[in-house]
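> the following comprises the amino acid sequence and a computationally predicted model.
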Amino acid sequence: MGFFDLAEIETYPNCPACKLYENCLSPKMEIGGDGEKGILVVAEAPGADEDELGTQLVGDAGEHLSAMLERLGIDLHRDCWKVNAVNCRPPGNRTPKDNEIQACRPKVYEALRKQPSVVLVLGSSRSNL
């Protein structure tokens with residue numbers, strides 16, 4: 001089973017299973033961005049800035065990505081949809097655990113149903129799922 005195996009979505013737990021939502025400012029973050037150019041950016045997890053502002057990729061890493069994309073004529077927040085592999089901030093910005101990624105997977109599938117023309121996957125997490 002691969003990460004993007006849409007046929008398997010019903011076998012995954014839903015959001016509250018990992019309990020991360022209990023200790024963050026912006027729990028269960030929704031898909032962000034306008035997606036005008038059909039690009040989906042899947043980030044690892046919200047950091048402190050994202051958790052505080054309630055949207056993806058607004059901290060240092062997001063600013064760096066935004067600057068890189070601007071050189072290609074792409075506005076991160078207007079031209080892309082944004083979602084995280086884990087939609088609640090892990091304590092201390094730790095790397096998300098497999099069960100947390102699995103619990104949030106339906107949100108990634110929801111973003112994939114928008115039928116992006118490009119999917120940009122960011123972060124260092126490797127799930128064994």
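Nice, I can see it.
> identify the bridge partners of the residue nearest the centre of the chain.
With distances taken as CA atoms, centre = their mean, the residue of the chain nearest its centroid is residue 84 (1.1 Å). Judged by DSSP bridges, the bridge partners of residue 84 are residue 43.
> which ones are touching it?
If a contact means CB atoms under 8 Å, 6 or more residues apart in numbering, then residue 84 has 29, 42-46, 50, 56, 104, 107 as its contacts. Where you see a C-beta, it was placed from the backbone N, CA and C, and this is true even at glycine.
> equivalent analysis for residue 42, please.
By CB under 8 Å, 6+ apart, the contact set of residue 42 is 83-85, 108, 111, 119-122.
> could I get the full set of strands for this structure?
Along the chain, the stretches classed as strands by DSSP state E are 39-43, 80-84, 118-121.
> now mean pLDDT too, for the ones you listed, in CSV please.
Output for the strands of the chain, formatted as CSV (pLDDT from 0 to 100):
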stretch, mean pLDDT
strand 39-43, 97
strand 80-84, 97
strand 118-121, 95
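> go through those and pick out the most buried.
Among these, strand 80-84 has the highest mean neighbour count (mean count of other CB atoms under 10 Å), at a mean of 26.
> re the thing from before, from the contacts of residue 84, which land in helices?
Among the contacts of residue 84, the subset assigned to helices under DSSP state H consists of 50, 104, 107.
> give the contact list for the closest residue to residue 49 other than its chain neighbours.
Take residue 49 and drop its neighbours on the chain: the residue closest to it by CB to CB, 6 or more residues apart in numbering is residue 59, 3.5 Å away. With contacts taken as CB under 8 Å, 6+ apart, residue 59 has the following neighbours: 47-50.
> gap between residue 59 and residue 51?
As for residue 59, its distance to residue 51 is 9 Å (criterion: CB to CB, to the nearest Å).
> how many residues are close by the residue lying closest to residue 21 once chain neighbours are set aside?
The shortest distance from residue 21 to any residue other than its chain neighbours is 3.6 Å, reached at residue 27 (CB to CB, 6+ apart). Each residue near residue 27 was counted by other CB atoms under 10 Å, and the total is 17.
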